[in-house]
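S.K.: Fold the following and give me the result.
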Amino acid sequence: MPPNLIAGRYRLDKLLGHGGMSEVWAATDTELERRVALKLLAPHADTARFEREARAVASLGHPNITQLYDYGEEDGRPFIVLELLSGGTLEDRLRSGGPLPDEDTRRIAAELAAGLAHAHARGVVHRDLKPANVLFDQEGRAKLADFGLARMAAGGGTLTEAGTVLGTAAYISPEQAAGAPASAASDVYSFGVMLYRMLTGRLPFESNNALELVALHRDSKPPPLNELRPDAPVLLEATATAALAKDPADRPPDGAALLAALGVPTGLSSFTTSTDGALADTAATRVLPVAATRAQPTVGPPAGLPRRNRAALVLAALGVLFLAGTAVAYELTRPASGSTPSGTTPLTPATLTTSSTTRSTPSTPTASTTATTQSTEQTTTRQQTTSPTTTQVTTAPTLPTTTVAPPTTTIAPPTTTAAPPTTTAPPATTVPPTTAGP
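M.R.: Reported below is the predicted structural model:
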C-alpha cells in the first residue's frame, strides 16, 4: 500500500496544518473521486477525545456545520474524513485588523448562530469557538469546524494567529477560565468575542501573556463596543454586549437565543441581506396567519347557485306572489249574486278599496246589517244602492282597472265570525255589466 494512501482509499495530497493533537490533509477519495479533508490523530494524542469529536460531528447535519464523511483507523491512528472547505477561515478575513463590512458581519453572525442552535439542540457544545475554527465553502457560507478539539496550526505565535494557545485564550469564557465546565452559554460568550472583533476590528481584551488574558476574561469588563464603534448597527452591538456578560445566566443561553436576538427565526438554512440591511430568509416555507386564510362571510345570494339562476328564481317568486295577489283581489272585487237585504245602509264610494285595512262604517247600524258589516271587514269592493221600490246592483270595475295591493301586503283575516242573516235573501239575479237598472 502506498504510504500516502489511508485505508486503501484516501490519497493524501497536501498538508494543511498540524499540531500536538492532529494533522489535517487535503486528500482525494479515490472511490468517489472527490476532494476531502482528512484529519489524522497524532501518534500519542488522546484517542478517546478524538473519538468523541468524531461522534459529535457525526450526530450533526446542518448547512453551517462541517459535514463528516467517514471515520476509521490506519496503523493504530484514528482519522476523520470531512468535507473540504476551500474558502479560508474567518481568521483570514479578520487578519487585516479592521472591521468587516456590516452586511458580511450580519450574515456570518446569523450563520454561526444557526449552526450553534443546531448543535446545542442536540446537546453538543463546541468548547473552542474562534475565528480559526470557522471555515467558508466556495459560496462563502460560514461553517463551524473542529468540535470538541482545538486544532493547532503551523506558524508563529502572534496574538491572533489561528490555533495557538494565546489565540484560544483570547476567546475563552469566564467560567472556562475559572475551571468550570463549558456549556452552551460558553459558546455564546466566544461568539460574542468574535462578533465584537468583526464589528470593531479588535478583541475585547488584548495581552501578550496568555494567563493574563484568561484572567481578564474571567474578571474584567470589556470596553463598551459603542465607544469603539459609535456607528455600529444597534442590533449587532446589543447582541455582542449581551453575549459578553460575565455571568452565564445573564447571556442568551444558547444558539437559538442568539438567533432570536439577531431577529432571525430558528430553523433557517439560507440568508440574504435586504436593501435595508436586514436579514431575510430565502429558503424557508412561509405560513400565513390564521386570520389571513379565514373565509370571509358571503354577502348576497346563497352560495352554490349560479347568479343567473338565482336571479331567475327571485323573479319567478315575485311573479307567483303577484299572481296570488291578483287572484285574491279578483275574488274580493267580483260582484256578489242577489240583491241587498232590505234596510241595509248603502256603502259610499269611499269604501271601494283593496286594502285590507279599510272598513266602511254604516250610518245606522241595525240587526239586519250584520252580513253587510262582515263583508266590509273582509275588504269587499261591492257597492250596493237601494231605493224604495227597486234594488240596483252595480258591478265593481273590471279587473284591468282594479288597483291591486303589492304582493307583499298581508291580508288580515276577519276578526269576527259573521252571524247568519235573520232573513232569507231572494233568489240571486245576475245582471250583465252592460245592462242598466229599470
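S.K.: Residue 53: neighbouring residues, count only.
M.R.: Using other Cβ atoms under 10 Å, residue 53 has 23 other residues around it. C-beta here means a position set from N, CA and C on the backbone, and glycine is covered the same way.
S.K.: name the helices or strands packed onto the host helix or strand of it?
M.R.: Here residue 53 sits within helix 47-58, counting by DSSP states H and E. Here helix 47-58 touches strand 68-74, strand 77-83, going by 3 or more Cβ pairs under 8 Å, 6 or more residues apart in numbering; DSSP states H and E.
S.K.: Deepest-packed of the ones you listed, please.
M.R.: Greatest average neighbour count among these goes to strand 77-83 (a mean of 20), per mean count of other Cβ atoms under 10 Å.
S.K.: can you map out the strands along the stretch 1-150 of the chain?
M.R.: Using DSSP state E, counting those that start in this stretch, the strands of the stretch 1-150 of the chain run over 5-6, 10-18, 22-29, 34-41, 68-74, 77-83, 134-136, 142-144.
S.K.: between the ones you listed, which gets nearest to residue 224?
M.R.: strand 134-136 (25.0 Å; Cβ to Cβ).
S.K.: What's the mean pLDDT across that closest one?
M.R.: Regarding strand 134-136, the rounded mean pLDDT is 97.
S.K.: List of residues touching it?
M.R.: 66, 85, 87-91, 108, 112, 142-145, 194 (Cβ atoms under 8 Å, 6 or more residues apart in numbering).
S.K.: The residues you listed in helices, which ones?
M.R.: 90, 91, 108, 112, 194 (DSSP state H).
S.K.: Domains of this protein: list them as residue ranges, please.
M.R.: Following automatic domain parsing, one gets these domains for the chain: 1-84, 85-280.
S.K.: Tell me which of those domains is the most buried.
M.R.: Burial of these is given as mean neighbour count (mean count of other Cβ under 10 Å); domain 85-280 ranks first at a mean of 19.
S.K.: Show me where this structure dips below the pLDDT cut-off.
M.R.: Residue ranges of the chain with pLDDT under 70: 1-3, 148-167, 266-314, 316-317, 320, 322, 324-438.
S.K.: and the strands of the stretch 1-150 of the chain as JSON lines, adding distance to residue 199?
M.R.: Listed next are those as JSON lines, based on distance: least, Cβ to Cβ, whole Å:
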{"stretch": "strand 5-6", "distance to residue 199": "42"}
{"stretch": "strand 10-18", "distance to residue 199": "28"}
{"stretch": "strand 22-29", "distance to residue 199": "30"}
{"stretch": "strand 34-41", "distance to residue 199": "30"}
{"stretch": "strand 68-74", "distance to residue 199": "32"}
{"stretch": "strand 77-83", "distance to residue 199": "29"}
{"stretch": "strand 134-136", "distance to residue 199": "16"}
{"stretch": "strand 142-144", "distance to residue 199": "16"}
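S.K.: Roughly how far does residue 229 sit from residue 171?
M.R.: Counting by Cβ to Cβ, to the nearest Å, the gap from residue 229 to residue 171 is 19 Å.
S.K.: from the contacts of strand 134-136, which single one is nearest residue 210?
M.R.: Residue 210 has its nearest neighbour among those in residue 91, at 17.3 Å by Cβ to Cβ.
S.K.: Report the separation between the closest residue to residue 91 other than its chain neighbours and residue 244.
M.R.: Excluding its sequence neighbours, the residue lying closest to residue 91 (Cβ to Cβ, 6 or more residues apart in numbering) is residue 131, at 4.0 Å. From residue 131 over to residue 244 the distance is 16 Å, taken as Cβ to Cβ.
S.K.: And residue 201, by the same measure?
M.R.: With distances taken as Cβ to Cβ, residue 201 is found 16 Å from residue 244.
S.K.: which residues touch residue 6?
M.R.: 12, 27, 38, 40, 72, 74, 79.
S.K.: Need the max-distance pair from these.
M.R.: Largest separation among the contacts of residue 6 by Cβ to Cβ: 12 and 72, giving 14.0 Å.
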